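>>> pasting a predicted model and its sequence here:
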Amino acid sequence: MRFLVKVFLSCAAALMVSAPVRAHADGYVSPFIGVNVLNNSGNGRADFGFDAGWMGKGVAGLEFDLGYAPSFFGNSGSYGGNSVTTATGNLIVGIPVGGVRGASVRPYVTGGLGLLRAQADGMPAPGFIPKIDENNVGFSGGVGVMAFVSRHAGVRGDVRYFRSLNEDSADTVQFGTFHFWRASFGVILR
C-alpha cells in the first residue's frame with residue numbers, strides 16, 4: 001500500500017511540474033485557516049495551512065493540501081505538546097461558472113491520498129497518557145467553492161474529511177480509526 005501511495009504522489013507531482021503552461025491553465029495558491037469538527041478529540045481546534053494546485057481549462061486538475069493543527073488533542077496540560085499534520089495530493093474537479101477569467105464562481109470536489117501525522121508528548125502518572133508519534137497513510141475528500149472577484153484573486157471555502165488507512169496481516173487495506181473533518185476559509189491567488 002505504501003508503495004502505491006508513493007507512486008501516486010510521484011505521478012501527481014510529475015504531472016504538475018511537467019504540465020505545459022497554456023493560456024487556459026489555471027494555477028493557484030490558497031492559504032487557509034480552519035477548524036476541526038465532528039470528531040472526539042480535535043473538535044473546535046484551529047487548523048491552518050495552504051493549498052496549491054493547477055486546473056486545466058479551469059475544470060480538472062491536481063492539488064497539494066498541507067494542514068497543521070496545533071493542540072489537536074487538547075491543551076498541553078492534558079496531552080503535553082501535540083499536533084496533527086496532513087499532506088495530501090488530490091484530484092480536483094470544478095465547474096467554472098462565469099468562465100475561467102475575471103469574476104467567477106467555481107464549485108468543486110476533491111479527493112486524494114497522503115500523510116496523516118499525529119504527535120503527542122504524553123503525560124506521566126497519575127493520569128497516564130501514552131506518547132503518540134504516528135505517520136499514517138490516509139485519504140481526504142471534500143467539497144468547496146472558489147469565488148474570484150478579479151482575474152487573479154478571490155476567496156475559497158471548503159469542508160474535507162480525513163481518515164487513516166491501515167494494512168492488516170493479510171496485506172489488505174482497511175479504514176483506520178483516526179479521522180476528522182476540517183472546515184476552512186482562505187484567500188486564493190492565481
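It's in.
>>> so the most centrally placed residue in the chain is in which element?
Taking C-alpha atoms, centre = their mean, the centroid of the chain lies closest to Asp65, which sits 4.1 Å from it. Element membership for Asp65 (DSSP states H and E) is strand 60-70.
>>> tell me what that strand is packed against?
On a contact count with 3 or more C-beta pairs under 8 Å, 6 or more residues apart in numbering; DSSP states H and E, strand 60-70 meets helix 2-18, strand 25-37, strand 46-56, strand 82-94, strand 104-120, strand 173-189. Heads up, the C-betas are built off the backbone N, CA and C, glycines and all.
>>> for the residue nearest to Gly98 when sequence neighbours are not counted, list the residues it contacts.
If the residues on either side of it in the chain are set aside, Gly98 comes closest to Ser104, at 3.4 Å by C-beta to C-beta, 6 or more residues apart in numbering. By C-beta atoms under 8 Å, 6 or more residues apart in numbering, the residues touching Ser104 are Pro96, Val97, Gly98, Ala147, Phe148.
>>> can you pull out the low-pLDDT segments for this structure?
For the chain, applying pLDDT under 70 flags the ranges 1-25, 40-43, 76-79, 100, 122-130, 167-175.
>>> kindly recompute the last result at 50.
17-24 (pLDDT under 50).
>>> circling back: the residue nearest to the centre of the chain contacts Asp47, doesn't it?
No. Here Asp65 does not reach Asp47: they are 11.1 Å apart, not a contact under C-beta atoms under 8 Å.
>>> please enumerate the shared neighbours of those two.
With C-beta under 8 Å, 6+ apart, Asp65 and Asp47 have no common neighbours.
>>> next, Phe73: phi, psi?
phi -90, psi 0 (degrees, to the nearest 10).
>>> ok, it to Gly186 distance?
24 Å (C-beta to C-beta, to the nearest Å).
>>> residues near Asp47, how many?
Residues lying near Asp47 (other C-beta atoms under 10 Å) number 24.
>>> what sits against it?
By C-beta under 8 Å, 6+ apart, the contact set of Asp47 is Ile33, Gly34, Val35, Asn36, Gly67, Tyr68, Ala69, Arg182, Ser184.
>>> could you dump those residues to JSON lines with distance to Ser164 and neighbour count?
Conversion of the contacts of Asp47 to JSON lines gives the following (distance: C-beta to C-beta, whole Å; neighbours: other C-beta atoms under 10 Å):
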{"residue": "Ile33", "distance to Ser164": "24", "neighbour count": "11"}
{"residue": "Gly34", "distance to Ser164": "19", "neighbour count": "22"}
{"residue": "Val35", "distance to Ser164": "20", "neighbour count": "17"}
{"residue": "Asn36", "distance to Ser164": "15", "neighbour count": "22"}
{"residue": "Gly67", "distance to Ser164": "14", "neighbour count": "23"}
{"residue": "Tyr68", "distance to Ser164": "17", "neighbour count": "16"}
{"residue": "Ala69", "distance to Ser164": "15", "neighbour count": "23"}
{"residue": "Arg182", "distance to Ser164": "14", "neighbour count": "27"}
{"residue": "Ser184", "distance to Ser164": "20", "neighbour count": "24"}
